[in-house]
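**Q** Sharing a model that was predicted from the sequence below.
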Amino acid sequence: KLSINAFDYNCHLDLIKLLRQEGELVKLRRARQKMSELFPLTEEIWLDWLKDEIKMASEISEREKVYELFERAVKDYICPEIWLEYAQYSIGGIGQEGGIERVRSIFERALTAVGLHVTKGTALWEAYREFENAILETAQPAPGSIPSPEQQQVLCSQLEKIHALFRRQLGIPLLDMEASYAEYEEWSEEPIPETTIKNYKKALQQLEKCKPYEEALLGAETPKLAEYQAYIDFEMKAGDPARIQLIYERALAENCLVPDLWARYNQYLDRQLKVKELVLSAHDRAVRNCPWTVGLWIRYLLAMERHRVEHSIISEMFEKALNAGFIQATDYVEIWQAYLDYLRRRVDFTQDSSKELEELRSAFARAVEYLKQEVEERFSESGDPSCTIMQNWARVEARLCNNMQKARELWDNIMTKGNAKYANMWLEYYNLERAHGDTQHCRKALHRAVQCTSDYPEHVCEVLLTLERIEGTLEDWDAAVQKTENRLARVNEQRAKAAEKEAALAKQEEERAEQRKQARAEKKASKKAKKTRIGDKRKADEDDEGEWGQEEAFQFHQSELPSKRHRGEGDGVLPEEDMEVEETGLFGRSEKPDGPALPKEKASTSRKDTPKVFHDSSKDKVTVFVSNLSYTMAEPEAKLRELFGSCGEVVEIRAVFNNKGTFRGYCYVQFREEEAARQALGLDRTAVEGRPMFVSPCVDKNKNPDFKVFRYSTTLEKHKLFISGLPFSCTKEELEEMCKAHGNVKDIRLVTNRAGKPKGLAYVEYENEAQASQAVLKMDGLTVKDHVIKVMISNPPLRKLPERPDPGKAPLAPRHIYGARGKGRTQLSMMPRALQRQSNPVAKAENGMVQNSPAASSEPPAEPKKMSNADFAKMLLKK
């Protein structure tokens with residue numbers, strides 16, 4: 001796996017674990033070495049590695065290698081445990097030449113690094129004092145002997161070292177300071193100096209201020225970002241650079257994959273401490289931990305330039321940045337621009353030609369080619385649509401190199417990339433030409449801009465006229481006026497035509513809307529009249545039931561009843577919304593009833609006695625709307641009551657049926673408490689009889705037309721992947737097995753249609769951005785069951801919402817209305833031809849021209865008589 005993707009962090013850990021279990025020490029050392037070259041290692045990994053190496057180190061040369069390993073370990077993160085282990089290991093080499101001084105040097109470095117650690121610093125101070133006490137014991141003269149002056153001097157010097165350690169420790173706010181003070185009182189034969197007592201009390205007061213933040217960290221759960229940030233803000237106000245650096249390092253040790261935290265730390269080091277080794281080390285660790293963050297690489301390049309690092313090292317670091325695997329095309333534009341800025345600052349433009357200038361031009365050309373090939377191939381876009389890099393190149397050539405010819409060539413290339421239609425691009429070039437070129441090229445550019453600009457032609461025309469007013473001749477002025485007038489006339493003509501077309505379409509739409517409204521009103525009236533007649537006939541039918549045979553009665557009801565009837569409806573008028581959804585009309589679906597259909601009719605009539613229940617909008621807060629259920633679900637009330645019973649007391653379940661008694665797949669569930677309704681929303685997308693059940697709040701769409709329920713984010717999520725091209729047979733478990741090799745998978749969502757069938761798409765959420773970016777690099781283009789999958793960071797495109805018409809402007813052309821199911825394969829009219837011929841006939845045409853306009857007739861055409869559904873039915877039966 002690592003031969004395919006060396007940046008698989010978890011795979012490195014698994015390999016090291018296996019090799020350690022098998023005792024393959026040589027391979028284990030090599031595996032750890034490779035991982036440390038790519039990633040900063042955590043405290044646990046370093047301690048395991050160091051303990052294994054210490055066990056094998058017996059010779060002096062091997063001990064030196066362990067020292068080198070310790071030096072690498074303390075550079076990754078500031079960890080008190082590693083420093084303590086380092087100091088204690090160095091004590092083992094005290095017998096070597098200079099061994100005591102080496103131990104003291106390591107202890108002093110450890111105290112500088114983590115001696116201020118409130119909770120873990122005390123252990124280092126105590127270990128240092130124990131070491132010095134051991135040295136004191138060895139310097140004591142033999143019992144009964146009188147020490148020489150030299151021995152007395154060594155004893156006094158060693159005692160002063162221990163006194164100094166106590167005094168230094170008691171001036172620092174550390175946990176268990178009281179115990180350290182008591183130990184000092186017991187150990188010292190002399191009274192404690194007033195200065196030490198004063199510093200001790202001051203440290204105690206500071207410790208009381210730090211304790212709330214330390215307690216917050218102890219009680220918080222990982223990642224503790226908010227608690228650490230509060231602690232950082234507290235130390236920033238205090239203003240002690242060493243303590244600020246330490247709290248940042250503590251936060252980063254637990255949150256090494258948070259780019260913003262690294263950015264704030266590096267900014268503090270750049271602006272406040274400005275120590276070269278410290279600053280560059282922090283920047284290097286930042287990009288090793290978060291290589292996908294372009295901002296960290298840019299700050300690193302700037303810091304290296306600020307501290308005058310060699311050009312070859314900066315160039316090498318830039319090449320590493322290009323291979324870091326950024327997740328957006330614009331990131332590559334930013335890193336290239338930062339590197340080009342650095343190269344530009346190296347050039348001495350007072351010379352006509354130099355090595356640095358040629359390197360800058362070569363880098364500009366390479367940047368343009370890199371974005372065109374490498375970036376476009378990966379992201380399907382260059383990330384630089386307005387050609388900012390080429391614009392900057394042109395500015396450098398024109399302003400700093402006095403090479404206007406090269407600048408014009410670059411701008412010509414920019415305009416050929418689809419930018420010629422924008423006024424601001426032409427004006428940018430005009431300003432450059434105005435400052436460093438000549439009037440002739442300015443005039444030529446503006447004439448071309450007037451002809452090509454499509455967004456703001458008036459602005460370009462105004463600039464051209466201003467130029468000719470100041471510098472042009474009469475002929476130039478006349479030409480400019482003629483060109484701008486012709487162009488603006490064409491623009492205004494096009495806009496007028498577009499406005500007329502929009503107005504005509506708007507008028508047509510208003511007429512259609514009026515016709516639809518009128519037709520609905522007539523349909524409603526017709527339905528009401530039919531229901532009244534049906535009620536009268538039903539009574540007559542009950543009185544004369546013996547005179548009717550079963551078959552004749554069934555056919556009578558089938559021919560006279562409305563096509564749809566909902567559960568719970570009696571003989572009253574159907575609600576308008578139900579008519580619009582379920583109305584099939586006289587010429588819709590009609591099947592001749594036969595014997596087997598009788599049970600369905602009985603089922604339908606059995607629901608007629610149920611009183612009609614209207615929805616009470618005042619109970620919307622305790623009601624949820626359930627949809628996408630199976631039409632074949634038997635006893636949906638009982639099924640859903642059992643399903644939603646876990647959320648709270650269910651007052652009522654209103655399932656919706658059609659006139660044949662068939663369940664329509666949705667219902668309303670009313671609870672006793674509002675909290676139960678909120679809990680019920682958590683059952684959204686639960687699989688019920690093989691289909692995902694949709695649970696949403698009960699909202700009146702007429703009062704809230706813009707209400708939408710979508711619980712997933714529609715913005716960029718750098719820790720989440722979008723996978724397409726999956727085989728339909730791929731299960732969630734198989735996908736999780738595939739993805740967990742690159743990080744901890746928090747959630748996987750397979751996208752399905754309304755019937756619960758997979759669509760070959762999935763969303764995979766990782767714990768952090770690092771794992772997601774590694775998964776993209778590793779999984780994109782993999783073959784899964786003969787399907788090549790595509791993997792990218794989740795960034796759904798924005799949905800285009802319908803624009804609301806502006807009262808002051810004509811509305812845009814409306815799309816054709818096809819109906820609830822959209823446009824079918826064929827747009828055949830379902831109206832019989834016999835009825836189509838009854839519409840207003842078109843007059844005969846002469847020479848192909850239709851004579852139906854108002855101008856062609858002296859009298860306006862008679863308005864056709866509006867017909868109801870009953871009139872259509874009578875006419876059809878006559879035909």
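**A** Done, it's in. Numbers count the residues shown, from 1 in each chain.

**Q** tell me which element residue 748 is part of?
**A** Residue 748 is part of strand 745-752 when elements are defined by DSSP states H and E.

**Q** Check residue 467 too.
**A** helix 457-471.

**Q** Break the protein down into its domains, please.
**A** Under the assignment the TED database, the domains of the chain span 116-141+148-206, 430-506, 619-711, 713-797.

**Q** among these, which is nearest residue 81?
**A** domain 116-141+148-206 (7.7 Å; Cβ to Cβ). Placement of C-beta: from N, CA and C, glycine included.

**Q** ok, back up a step: chain center to the following helix or strand past the helix holding residue 467, what's the gap?
**A** Once the chain leaves helix 457-471, the next helix or strand it forms, by DSSP H and E, is helix 474-543. The gap between the average C-alpha position of helix 474-543 and the chain average comes to 40 Å, counting by Cα atoms, centre = their mean, to the nearest Å.

**Q** What of stretch 416-431?
**A** Stretch 416-431 has its C-alpha centroid displaced from the chain centroid by 32 Å (Cα atoms, centre = their mean).

**Q** So for it, what gets flagged as buried?
**A** Burial within stretch 416-431, assessed by neighbour count using 16 or more other Cβ atoms under 10 Å, is assigned to 419-420, 422-423, 425-430.

**Q** Format those residues as a markdown table; extra columns: pLDDT, secondary structure and distance to residue 228.
**A** Converted to a markdown table, these look like this (pLDDT from 0 to 100; DSSP: H, G, I helix; E, B strand; the rest coil; distance: Cβ to Cβ, whole Å):
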| residue | pLDDT | secondary structure | distance to residue 228 |
| --- | --- | --- | --- |
| 419 | 92 | helix | 46 |
| 420 | 92 | coil | 52 |
| 422 | 94 | coil | 46 |
| 423 | 94 | helix | 49 |
| 425 | 95 | helix | 46 |
| 426 | 95 | helix | 51 |
| 427 | 95 | helix | 48 |
| 428 | 95 | helix | 45 |
| 429 | 95 | helix | 50 |
| 430 | 95 | helix | 52 |
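
**Q** ok, which stretches of the stretch 701-850 of the chain are strands?
**A** In the stretch 701-850 of the chain, the strands defined using DSSP state E, counting those that start in this stretch lie at 717-724, 745-752, 758-766, 783-784, 787-788, 790-794, 845-846, 849-850.

**Q** wouldn't residue 631 be in contact with residue 664 here?
**A** Yes. Taking Cβ atoms under 8 Å as the contact criterion, residue 631 and residue 664 are neighbours in contact, 7.0 Å apart.

**Q** Give me the more crowded residue out of these two.
**A** residue 664 (17 against 11; other Cβ atoms under 10 Å).

**Q** host element of that one?
**A** Counting by DSSP H and E, the secondary-structure element that holds residue 664 is strand 663-671.

**Q** Heading C-terminal from that strand, find the next helix or strand.
**A** Moving on from strand 663-671 towards the C-terminus, the next helix or strand you reach (DSSP H and E) is helix 674-680.

**Q** Report the buried residues of that next one.
**A** Along helix 674-680, the positions that meet the burial threshold by neighbour count (16+ other Cβ under 10 Å) are 676-680.

**Q** next one: stretch 656-666
**A** Judged by neighbour count (16+ other Cβ under 10 Å), stretch 656-666 contains these buried residues: 656-659, 661, 663-666.

**Q** residues contacting residue 159?
**A** For residue 159, the residues meeting the contact criterion (Cβ atoms under 8 Å, 6 or more residues apart in numbering) are residue 136.

**Q** what do you get for residue 736?
**A** Going by Cβ under 8 Å, 6+ apart, residue 736 touches 745, 748.

**Q** Need the pLDDT of it.
**A** Per-residue confidence (pLDDT) for residue 736: 88.

**Q** ok, now how distant is it from residue 668?
**A** 36 Å (Cβ to Cβ, to the nearest Å).

**Q** burial measure for the closest residue to residue 458 other than its chain neighbours, as a count.
**A** In space, not counting the residues next to it along the chain, residue 458 is nearest to residue 488; the distance is 6.8 Å by Cβ to Cβ, 6 or more residues apart in numbering. One way to gauge burial is a neighbour count; for residue 488, by other Cβ under 10 Å, it gives 14.

**Q** Same question for the one 3 residues further on.
**A** Applying the criterion other Cβ under 10 Å, we find 15 residues in the vicinity of residue 491.

**Q** and it, how far is that from residue 463?
**A** Separation of residue 491 from residue 463 (Cβ to Cβ) stands at 16 Å.

**Q** Then residue 223?
**A** Computed with Cβ to Cβ, the distance linking residue 223 and residue 463 is 54 Å.

**Q** who's more crowded, those two?
**A** The neighbour comparison of residue 223 against residue 463 (other Cβ under 10 Å) goes to residue 463, with 20 against 16.

**Q** Save the domains of the chain as TSV, and put in distance to residue 519 too.
**A** TSV is the format used below for these (distance: least, Cβ to Cβ, whole Å):
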stretch	distance to residue 519
domain 116-141+148-206	79
domain 430-506	20
domain 619-711	20
domain 713-797	30
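
**Q** quick one, which of those is nearest to residue 3?
**A** domain 713-797 (12.2 Å).

**Q** Just list the residues touching residue 398, thanks.
**A** If a contact means Cβ under 8 Å, 6+ apart, then residue 398 has 404, 407, 432, 435-437 as its contacts.

**Q** How about stretch 480-496, which residues are buried there?
**A** In stretch 480-496, residues buried by neighbour count (16+ other Cβ under 10 Å) are 480, 483-484, 487.

**Q** got a list of contacts for it?
**A** Taking Cβ under 8 Å, 6+ apart as the criterion, the residues outside stretch 480-496 that touch it are 447, 450-451, 457-458, 461, 464-465, 467-468, 472.

**Q** what's the answer for stretch 449-466, then?
**A** Contact partners of stretch 449-466, identified using Cβ under 8 Å, 6+ apart, comprise 420-423, 426-427, 430, 443, 446-447, 480-481, 483-484, 487-488, 491.

**Q** how about the nearest residue to residue 387, chain neighbours excluded?
**A** residue 414 (4.5 Å).

**Q** and what of residue 176?
**A** By the measure of Cβ to Cβ, 6+ apart, the closest residue to residue 176 outside its immediate chain neighbours is residue 122, 5.8 Å from it.

**Q** what separates the host helix or strand of that neighbour from the chain centre, distance-wise?
**A** For residue 122, the host element (DSSP H and E) is helix 121-139. Using Cα atoms, centre = their mean, the mean C-alpha position of helix 121-139 is found 53 Å from that of the whole chain.

**Q** Nearest to residue 718 among the buried residues of stretch 480-496?
**A** Of those, the one sitting nearest to residue 718 (Cβ to Cβ) turns out to be residue 487, at 46.2 Å.

**Q** Next one: that closest one from residue 446, what distance?
**A** Using Cβ to Cβ, which is the criterion applied here, residue 487 is 11 Å from residue 446.

**Q** buried set for the helix or strand hosting residue 166?
**A** Residue 166 is part of helix 149-170 when elements are defined by DSSP H and E. Residues of helix 149-170 classed as buried: 154, 158-159, 161-163, 165-167, 169-170 (neighbour count, 16+ other Cβ under 10 Å).

**Q** cool, and stretch 734-753?
**A** Neighbour-count burial for stretch 734-753, counted by 16+ other Cβ under 10 Å, picks out 735, 738-743, 745, 748, 750, 752.

**Q** and that stretch, how far apart are its ends?
**A** One end of stretch 734-753 to the other measures 20 Å (Cα to Cα, to the nearest Å).

**Q** Stretch 135-149 too?
**A** Between the opening and closing residues of stretch 135-149 lies a distance of 18 Å (Cα to Cα).
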